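Engineer: pasting the sequence and the predicted coordinates here, then a few questions.
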Amino acid sequence: MGTMYYGGAETPIHIEDRALAHLKVVIATKLRRGESFTLSWQHPDDDIRGRSTVWLHPSIPLRFVFDEPEAPTLSRQYIQELADSANTSGGIQLVSEHMETPEAPAILPLRAS
């Protein structure tokens, strides 16, 4: 389980490592462009029931921490789905990844941010 720390929030945001790796790519791309947007997710089963949304802005500190030492192979399709949702008025909706198909090959792990 990975963790995202955003601004001065007292509670870290726990997201499965693989999903967080994909999310990091989309968030970094948007913030590098100076774009602000929202990120929404449903609380995990072991947390209080509900969902949360945060407003992401380039001037607010953000840190990603992964439990796994090696970066996973990333899915172009999953990154595109997250990026497409980031470009809507509803912002990024963290949804489950659809597994790879021959039409949507994986890309190599990213080593640098």
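Structural biologist: Alright, I've got the coordinates.
Engineer: work out which residue lies at the spatial centre of this structure.
Structural biologist: Leu23 (2.0 Å; Cα atoms, centre = their mean).
Engineer: which ones are touching the closest residue to Pro58 other than its chain neighbours?
Structural biologist: In space, and not counting its chain neighbours, Pro58 is closest to Leu31: 4.7 Å by Cβ to Cβ, 6 or more residues apart in numbering. From N, CA and C alone the C-beta is placed, and that goes for glycine too. Going by Cβ atoms under 8 Å, 6 or more residues apart in numbering, Leu31 touches 56-58, 62.
Engineer: most neighbours, which of those?
Structural biologist: Most neighbours among the contacts of Leu31, by other Cβ atoms under 10 Å: Leu56, with 19 neighbours.
Engineer: per-residue pLDDT of it, please?
Structural biologist: With respect to pLDDT, Leu56 scores 94.
Engineer: tell me the SS of His22?
Structural biologist: helix (DSSP: H, G, I helix; E, B strand; the rest coil).
Engineer: give me the number of residues near it?
Structural biologist: 23.
Engineer: can you tell me the closest non-neighbouring residue to it?
Structural biologist: Tyr78 (5.0 Å).
Engineer: got any ranges where the protein has weak pLDDT?
Structural biologist: Across the chain, the ranges flagged by pLDDT under 70 are 98-113.
Engineer: can you name the residues bridging to Val54?
Structural biologist: Under DSSP bridges, the beta-bridge partners of Val54 are Leu39.
Engineer: contacts only, for it.
Structural biologist: 6, 9, 13, 38-39.
Engineer: how about the helices in this protein?
Structural biologist: With helices called from DSSP state H, the chain shows them at 17-32, 76-86.
Engineer: just put those in CSV and tack on distance to Glu97.
Structural biologist: As requested, the helices of the chain are exported to CSV (distance: least, Cβ to Cβ, whole Å):
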stretch, distance to Glu97
helix 17-32, 7
helix 76-86, 5
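Engineer: quick one: which of those helices is nearest Pro69?
Structural biologist: helix 17-32 (10.3 Å; Cβ to Cβ).
Engineer: one step back: how far away is the residue nearest to His22 from Arg18?
Structural biologist: 9 Å (Cβ to Cβ, to the nearest Å).
Engineer: this completes my enquiry, with thanks.
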